[in-house]
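>>> Based on what follows, work out the 3D shape:
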Amino acid sequence: MAYQVGIRQLRADVAAAVRRAGAGEHIVVTVGGQPVAALGPLGAAEAQVRLADLVARGLVIAPRRTGSWTPPAPVPVWSGARLDRLLREIR
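Down below sits the predicted model:
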């Protein structure tokens, strides 16, 4: 995900933000906690649509979970067992 920086912090250290963008990092500028602009490297990456860009434009809602997704543990199913009983055991 992109690095977010508030407008006040950006004003205080614009050179560092431009260096980070030049190094390939995408920076989302926020005003009052709302994304309003983006800084990023020039080049072929401009054609790629990123989730942070879609959130900034209001086209999608940001995910509530930020960690990596892990699949749930598999549920063992025995052959010949009734589905209603298996569901009752799980619940």
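
>>> all contacts plus neighbour counts: C-alpha atoms, from now on.
Fine.

>>> got any ranges where the chain has weak pLDDT?
When residues are selected by pLDDT under 70, those of the chain lie in 1, 44-48, 77-78.

>>> So which residues of it form strands?
For the chain, the strands defined by DSSP state E occupy 3-6, 27-31, 34-39.

>>> out of these, nearest to residue 60?
Closest approach to residue 60 among the strands of the chain (Cα to Cα): strand 34-39, 12.6 Å.

>>> coming back round to it: pipe the strands of the chain into CSV and attach mean neighbour count and distance to residue 53 per row.
Shown next, in CSV, are the strands of the chain (neighbours: other Cα atoms under 10 Å; distance: least, Cα to Cα, whole Å):
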stretch, mean neighbour count, distance to residue 53
strand 3-6, 16, 12
strand 27-31, 19, 8
strand 34-39, 16, 8
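
>>> Test my guess that residue 5 contacts residue 33.
No: Residue 5 is beyond contact range of residue 33, at 9.2 Å (criterion: Cα atoms under 8 Å).

>>> Please produce TSV containing the strands of the chain, extended by distance to residue 62.
Formatted as TSV, the strands of the chain follow (distance: least, Cα to Cα, whole Å):
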stretch	distance to residue 62
strand 3-6	13
strand 27-31	13
strand 34-39	11
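
>>> how about the ones you listed, which one is nearest residue 66?
Between the strands of the chain, strand 3-6 lies closest to residue 66; by Cα to Cα that is 13.2 Å.

>>> same for that closest one, what does it pack against?
strand 27-31 (3 or more Cα pairs under 8 Å, 6 or more residues apart in numbering; DSSP states H and E).

>>> Next, the angle strand 34-39 makes with the strand it packs on.
Between strand 27-31 and strand 34-39, the angle comes out at 140 degrees (axes from the mean of the first three to the mean of the last three Cα atoms, to 10 degrees).

>>> contact partners of strand 27-31?
Outside strand 27-31, the residues that touch it by Cα atoms under 8 Å, 6 or more residues apart in numbering are 2-7, 10, 17, 21, 35-40, 52.

>>> Widest-spaced pair of those residues?
Farthest pair in these (Cα to Cα) is 10 and 52. Separation: 17.8 Å.

>>> Identify, from the contacts of strand 27-31, the entry nearest to residue 75.
If you rank the contacts of strand 27-31 by distance to residue 75 using Cα to Cα, residue 52 comes first, at 35.1 Å.
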